[in-house]
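Student: got a structure for you, letters missing:
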């Protein structure tokens, strides 16, 4: 049976870039909401015919386990690696925050990721194939910023989840998170439309702004055996942004 | 990962993590200048490296000599992209037995040598000018509390401050500065320490690491990653390579 990698959020942005890169090493299961855009991603992958599409909206956390189980059984595949790229970010000041915004953000960023890992740990479905997981967090996880309350809370929760699961699932499975700084993707495209903002942002990154490939390289390392003694860690990849107080 | 065309200094290269790092970097194509105080072991290692290697016997506790000795050697060896500071000694001692001279020695070797090395390795006559990367070795003991370890903890916690500060200062020179904080690794340093402990302590040690104890290669691989372009957007990072020690 083929050992696959699941990439959520693969219909655009960082997830799409990851899927394209990883498709040269593993069969990829592409998860996202939009079938058309997932198909676009698939066509951009190496050997498109080897890549599978799992169309599912992760906001619907009630059915994620059952749906994934059916998918794995139906396609006769097992999953060795999982990268949770799906991310929902709305930057609202407190007065605009609502319970439903919290729920939506946490469903996609945290809860769905946890339930996917749970499903992949099910021996009947996946044996003991799962080896390594990387959650795409954010450098906001350890810091504060205006209007980032909900998103920041979800990424902090994600990292707390990662640490506990790393301890619980050791030594069989390694879990780590990558905390990117501002990378230009579909999710953040609106911020890059503002030239002044881009200039201001770039000035605060000692190594300059990053690219999706910079994040892929780190994820690839953490999934690999080269990182065999790394688990339960937050790996910040932000060109020095969050330790820079001279800016 | 490919390090061909790159060259690096490795301190403490004659044994443990330094030695494992030398062998792995050499396999990846890097040219290496190996530093250690132990001449015999250094020469042995010279033979087990695949690529171009040179050695320099040096006492890194003589802080004032580091810059001139390294510069002199580099004039012959050629310019470098960076260094890895693996040299270090442990010091287990209850507070009331802590000795001033030994503490100063730990500070000079484990900690201050990193600053002198950074100084000389970012110098125009020594640094190639691109793809710069310095990797410093801290320890989980630089991050967590443990008894009878105050001086070692000081020497390794300081490495974290050095990493963050230098990463900002050296970014304009295209030099990234990062740190690895290892958990307990089976090296001679640990063997020397572990001799002092009984079985129940060793079992406790295992339990502290959800993935079990590490080996020198499990630290050397992440060091290679931090030197390589795969980590080109990482600077000022403290990466705990500890089998989950700090996750629980």
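Tutor: Thanks, I have it. Everything quoted here is computed from the prediction, not taken from an experiment. Numbering: from 1, shown residues only, chains lettered A, B, ... in the order given.
Student: Could you tell me the model confidence score at residue 6?
Tutor: As the question left the chain open, I've gone with chain A. pLDDT for residue A:6: 98.
Student: Switch to chain B, please.
Tutor: Listed pLDDT for residue B:6 reads 97.
Student: Near it, how many other residues are there?
Tutor: The local packing of residue B:6 (other CB atoms under 10 Å in any protein chain shown) involves 21 other residues. For every residue, glycine as well, the C-beta is placed using N, CA and C.
Student: I figured it hits residue B:131, correct?
Tutor: Yes: shown here, residue B:6 and residue B:131 form a contact pair, counting by CB atoms under 8 Å, at 6.6 Å.
Student: how about the residue in chain A that chain B sits nearest to, what does it touch?
Tutor: Of all residues in chain A, residue A:232 sits closest to chain B, at 2.3 Å by CB to the nearest CB. By CB atoms under 8 Å, 6 or more residues apart in numbering or on different chains, residue A:232 lies in contact with A:162, A:163, A:166, A:167, A:170, A:175, A:176, B:210, B:244, B:246, B:247, B:248.
Student: what do you get for residue B:166?
Tutor: Counting by CB under 8 Å, 6+ apart, residue B:166 touches B:118, B:134, B:177.
Student: Nearest spatial neighbour of the first one, chain-adjacent residues omitted?
Tutor: Taking CB to CB, 6 or more residues apart in numbering or on different chains as the measure, residue B:118 lies nearest to residue B:166, with 5.6 Å between them; neighbours along the chain are not counted.
Student: Which residue would you name as the spatial centre of chain A?
Tutor: Residue closest to the mean C-alpha point of chain A, counted by CA atoms, centre = their mean, is residue A:85 at 2.1 Å.
Student: about what we covered before: pLDDT score for the residue nearest to residue B:118?
Tutor: Confidence score, pLDDT, at residue B:166: 98.
Student: Name the residues linked to residue 53 by a beta bridge.
Tutor: As the question left the chain open, I've gone with chain A. Counting by DSSP bridges, residue A:53 forms beta bridges with residue A:30.
Student: Actually, chain B is the one I wanted.
Tutor: Going by DSSP bridges, residue B:53 forms beta bridges with residue B:32.
Student: Could you identify the helix or strand that succeeds the helix or strand bottoming out on mean pLDDT in chain A?
Tutor: Of all helical and strand segments in chain A, the minimum by mean pLDDT, DSSP states H and E falls on helix A:189-192, at a mean of 81. Once the chain leaves helix A:189-192, the next helix or strand it forms, by DSSP states H and E, is helix A:195-203.
Student: how many other residues sit next to residue A:103?
Tutor: A count of nearby residues for residue A:103, using other CB under 10 Å, gives 14.
Student: where does it land in three-state SS?
Tutor: At residue A:103, secondary structure determined by DSSP: H, G, I helix; E, B strand; the rest coil is helix.
Student: And the one 4 residues further on, by the same measure?
Tutor: Look at residue A:107: counting by three-state DSSP, its state is helix.
Student: Would you confirm that it contacts residue A:63?
Tutor: No: here residue A:107 lies out of contact with residue A:63, judged by CB under 8 Å, at a distance of 11.6 Å.
Student: for chain A, which helix is longest?
Tutor: Longest helix in chain A, counting residues (DSSP state H): helix A:149-169.
Student: for chain B, longest helix please?
Tutor: Secondary structure of chain B per DSSP H: the longest helix is helix B:150-170.
Student: So which residues make contact with whichever strand or helix holds residue A:133?
Tutor: Element membership for residue A:133 (DSSP H and E) is strand A:132-136. Strand A:132-136 is contacted from outside by A:9, A:14, A:80-85, A:87, A:113, A:117, A:158-159, A:161-162, A:165, A:173-178, A:180, A:215, A:219, A:222-224, A:227, using CB under 8 Å, 6+ apart.
Student: tell me, which of these make contact with chain B?
Tutor: Among these, proximity to chain B is found for A:174, A:215, A:227 (CB under 8 Å from any CB of the partner chain).
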